[in-house]
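Novice: below are the sequence and a predicted model for it; my questions follow.
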Amino acid sequence: MSDNQSGSALAERGLQGADQSVASFDEGDVGIVRRMQGFLHRFPTMVPFIVLLAGVLIFSFAAPGKFFAPFNFSLVLQQVTIIAILGVAQTLVILTAGIDLSVGMIMILASVVMGRTAVVYGVPVEIAFPLGLAVGTACGLLNGLIVTLLRLPPFIVTLGTWSIFGALNVWYSRSETIRQQDMDANAPFLQVTGTVMKPYSFFSQTFGLDLPFLKGWVLTYGSVVMIIVALVIWYILNKTAFGRHVYATGDDPDSARLAGINTTKTLIGVYTLAGFICAIAAWVLIGRIGGVSPQAGQTANLDSITAVVIGGTSLFGGRGSIIGTLIGALIVGVFRNGLALSGLELLWQDFAVGVLIIVAVTIDQWIRKLST
């Protein structure tokens, strides 16, 4: 063999070795990415949980002595209570690959019915309050019926009902605000832990925690309701057949129907339950703002979607969790609170929330792309 031939052979073997090295490196790199994707797909709440921890650590240094105070953490929890409850309702809908733009307006309409029916029309609170719950549930049922029977996109349907419920809100409320004192004057007293309370102001009442690791925390009964609602819906989604049907319908409705799942009933049940949860948020809202206002919660629709998306629930349906939504609501509350304590203006708080939304959707797209 000539020198040229031997040189060519060595060069060829060298290139083959280099190619194999590159191939093995790429396969290893892809393997790590795949494993990471699989982990995030199995545990979708890990990303928002890490973001929440990072936010807490960052603002602990950015606002020392202020952010890490027990009272401040309690304040953040109180601030996100309404959005978290609505986020639970929104999560149910988004898990089915839908979206509900009317959750905020359902909440406002239900609160107006509760307050105005009792104060203006003199209906006993024992009737006015269940009536408000029934109105919220009926609004959710209407959304579900239109989506399923007319087979219209949920975005369009709830955009339309948002306007309808808004018009009914203005008509019934006459754009008048009702003070909580007026509502409480028409409500019976309640005896709770030795304290006399009124039903409408019940969720605004606070109590302290005397636990060693939560010393100094002050919670409202509204926050307790938020936790109870989240736990109940978590149980429904993870421990019941209806919950499995919700995930299956959102993941692949055609396959779900072939598997014997009545997707129509599932969707109607989801929207109806979401409406009922919005009505619960209405009662908590009354205590939170200290009255009934037809103008309250105007951004609640978008805020609830923000909490759900940042919490890791896929906008394409079939993947997400209630725990993630709670974490998403806390992330928004922590970032807004931390930036405010750091002395930044409101516009930068909105800027940060916008960045979080884009990052959350980007991560979701990345996970879905690698899954297919």
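Specialist: Sure, I can see it. Residues are numbered from 1 along each chain as shown.
Novice: use CA for all of it now, contacts and neighbours both
Specialist: Fine.
Novice: need the pLDDT of the residue nearest to residue 95 when sequence neighbours are not counted.
Specialist: Nearest residue to residue 95, sequence neighbours excluded (CA to CA, 6 or more residues apart in numbering): residue 317, at 4.3 Å. Looking at residue 317, its pLDDT reads 86.
Novice: let me see the ranges of the strands in the protein.
Specialist: 178-179, 190-192, 195-197, 206-208, 218-220, 291-292 (DSSP state E).
Novice: need the least confident one among those, by mean pLDDT.
Specialist: Among these, strand 190-192 scores lowest, with a mean of 49.
Novice: ok, now which ones touch residue 254?
Specialist: By CA atoms under 8 Å, 6 or more residues apart in numbering, no residues touch residue 254.
Novice: now it: how far from residue 248?
Specialist: Distance of residue 254 to residue 248, computed by CA to CA, to the nearest Å: 9 Å.
Novice: kindly report the same for residue 146.
Specialist: For residue 146, the distance to residue 248 (CA to CA) stands at 21 Å.
Novice: neighbour count winner among these two?
Specialist: Between residue 146 and residue 248, counted using other CA atoms under 10 Å, the more crowded position is residue 248 (23 against 17).
Novice: so the more buried one makes contact with residue 319?
Specialist: No. Residue 248 is not in contact with residue 319 according to CA atoms under 8 Å; the separation is 9.5 Å.
Novice: that older thread, tell me the contacts of the residue nearest to residue 95?
Specialist: Contacts of residue 317 by CA under 8 Å, 6+ apart are 94-98, 247, 250-251.
Novice: so which residue is dead centre in this structure?
Specialist: residue 87 (2.6 Å; CA atoms, centre = their mean).
Novice: surely that residue meets residue 311?
Specialist: No. Contact criterion CA under 8 Å: residue 87 and residue 311 do not qualify, at 9.7 Å.
Novice: quick check: neighbours shared by these two?
Specialist: With CA under 8 Å, 6+ apart as the test, residue 87 and residue 311 both reach 325-326, 329.
Novice: who wins on neighbours among the residues you listed?
Specialist: residue 325 leads those on contacts (other CA under 10 Å) with 32 neighbours.
Novice: contact partners for residue 264?
Specialist: Here residue 264 is in contact with residue 148 (CA under 8 Å, 6+ apart).
Novice: now do it against residue 145, distance only.
Specialist: Distance of residue 264 to residue 145, given as CA to CA: 9 Å.
Novice: please apply the same query to residue 351.
Specialist: 37 Å.
Novice: show me where the stretch 51-200 of the chain has its helices.
Specialist: Under the criterion DSSP state H, counting those that start in this stretch, helices of the stretch 51-200 of the chain are mapped to 70-79, 81-95, 103-119, 125-149, 154-173, 180-185.
Novice: could you check the angle helix 81-95 makes with the fifth one?
Specialist: Pointing back at helix 154-173 there. 140 degrees (axes from the mean of the first three to the mean of the last three CA atoms, to 10 degrees).
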